[in-house]
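Visitor: have a look; sequence and predicted model below, questions after that.
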Amino acid sequence: MSTPRFLTLPPGVRAQQIETSVGTFAALEALPVRGVPERWPALLVPGYTGSKEDFIAIFQTLAQAGRRVVAVDMRGQYETKGPDDPSAYTCEALGEDIDHVASMVGGGEPVHLVGHSFGGLVTREAVIGGATKLASYTLMSSGPSGITGPREKACRVMLRELPEVGLEHLWTHRLEPEAIVAGVPDDILAFLRRRLLSNSATGLMTMAEQVLGAPDRLEDLSEVDVATLVLYGEHDDGWPPAIQAEMAHRLDADCVVVPGALHSPAVEAPETTAHALTRFWNQAEHRLLHTG
């Protein structure tokens, strides 16, 4: 799971609730500390077992470039409530949610959309659907189809053990010991526990099935006329870097490899990641404003 290194909200960042016609979504919103947003806004969508807090380290740098930046908990994640209906947690259903959130974030303006990991599989449904007014699209540490490698194994453990033992047991006997060995501080441990136990168990099960069995939709995605960036860590342990590089090639997308980062570049290399996003967003806006 993505593990923030700190939880204190930077200047200009506040908790927010985004009201839509399909429900209320918990969010973090970043605004420039000085001045007003002059550029198009951005919407950041987290991955499986993640949350809006996964982007805390990049908020201030992104907002200081002159834009409003919003990260959300998807339906059933952490502070956004979700039903016990598995159909609410398919990529398609969650992608429709993102359409509604993006519409509220944009307020009529195009939105820079970013999907991290499983969030990439969700947001591409919104992109392919065509309802979201996009300024650009970024796949961050995501892939063309179902996840592989160590993170595939973690999803299969969740599918196998969650129905039998429940979230509390999973945390106490598997996830917490792994986090302690990794040197996660006590305050972050407490947050990770609270976040995990706040998730919809039905959502976690269905999302695991979705991230494991996702079909390759790059052909459909390549038909959408939107500036696209593929950004991933040099040592990503989710989708292999070579697969993500090939995905960028198939999409004719820009590609950024973040040195030293693994699967969560916004946590592991926040300044590099934030500057790469800002540069890409500015270029995308320039092209749209001068060709549209």
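Guide: Arrived safely, thanks for sending.

Visitor: shouldn't residue 102 be in contact with residue 113?
Guide: Yes: using Cβ atoms under 8 Å, residue 102 makes contact with residue 113 at a distance of 6.4 Å. The C-beta positions use only the backbone N, C-alpha and C, and glycine is treated the same way.

Visitor: anything in contact with each of those two?
Guide: 43, 126, 132 (Cβ atoms under 8 Å, 6 or more residues apart in numbering).

Visitor: tally of neighbours for the first one?
Guide: Which is residue 43. Neighbour count of residue 43, defined by other Cβ atoms under 10 Å: 26.

Visitor: using the three-state scheme, assign it.
Guide: The three-state label given to residue 43 by DSSP: H, G, I helix; E, B strand; the rest coil is strand.

Visitor: tell me what it is bridged to.
Guide: With DSSP bridges as the criterion, residue 43 is bridged to residue 70, residue 113.

Visitor: quick one: contacts for it?
Guide: Residue 43 neighbours (Cβ under 8 Å, 6+ apart): 70, 71, 72, 98, 101, 102, 105, 111, 112, 113, 114.

Visitor: surely the fifth one is in a helix?
Guide: Which is residue 101. Yes: applying three-state DSSP, one finds residue 101 inside a helix.

Visitor: residue contacts, it?
Guide: Neighbouring residues of residue 101 by Cβ under 8 Å, 6+ apart: 18, 20, 25, 43, 72.

Visitor: with the second one instead?
Guide: For residue 71, the residues meeting the contact criterion (Cβ under 8 Å, 6+ apart) are 27, 28, 43, 44, 45, 46, 52, 54, 55, 59.

Visitor: let's see that with 6 Å instead.
Guide: For residue 71, the contact set (Cβ atoms under 6 Å, 6 or more residues apart in numbering) comprises 28, 44, 52, 55.

Visitor: do the third one as well
Guide: For residue 72, the set of contacting residues under the criterion of Cβ under 6 Å, 6+ apart consists of 25, 27, 52, 101.

Visitor: quick one: the strands in the stretch 151-292 of the chain?
Guide: 228-233, 254-258 (DSSP state E, counting those that start in this stretch).

Visitor: so which of the ones you listed comes closest to residue 239?
Guide: Among the strands of the stretch 151-292 of the chain, the nearest to residue 239 by Cβ to Cβ is strand 228-233 (7.5 Å).

Visitor: quick check: residue 87 vs residue 108, distance?
Guide: From residue 87 across to residue 108, the span is 30 Å (Cβ to Cβ, to the nearest Å).

Visitor: of those two, who's got more company?
Guide: residue 87 (10 against 6).

Visitor: so, low pLDDT: which residues of the stretch 101-250 of the chain?
Guide: For the stretch 101-250 of the chain, not a single residue meets the criterion pLDDT under 70.

Visitor: most tightly surrounded among the strands of the stretch 151-292 of the chain?
Guide: With neighbours taken as mean count of other Cβ atoms under 10 Å, the strands of the stretch 151-292 of the chain reach their highest mean count in strand 228-233, at a mean of 26.

Visitor: report all helices and strands that it contacts.
Guide: strand 134-140, helix 241-251, strand 254-258 (3 or more Cβ pairs under 6 Å, 6 or more residues apart in numbering; DSSP states H and E).

Visitor: same thing but 10 Å
Guide: Strand 228-233 sits against strand 111-116, helix 118-129, strand 134-140, helix 241-251, strand 254-258, helix 265-268, helix 270-291, with contacts defined as 3 or more Cβ pairs under 10 Å, 6 or more residues apart in numbering; DSSP states H and E.

Visitor: what's the last one packed up against?
Guide: Applying 3+ Cβ pairs under 10 Å, 6+ apart, we find helix 270-291 packed against strand 42-45, helix 56-64, strand 69-72, strand 111-116, strand 134-140, strand 228-233, strand 254-258, helix 265-268.

Visitor: switch the helices and strands packed on strand 228-233 over to CSV; also include distance to residue 216.
Guide: CSV is the format used below for those (distance: least, Cβ to Cβ, whole Å):
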stretch, distance to residue 216
strand 111-116, 16
helix 118-129, 11
strand 134-140, 13
helix 241-251, 9
strand 254-258, 18
helix 265-268, 23
helix 270-291, 24
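
Visitor: quick check: residue 87 touching residue 93?
Guide: Yes: using Cβ atoms under 10 Å, residue 87 is in contact with residue 93, at 6.2 Å.
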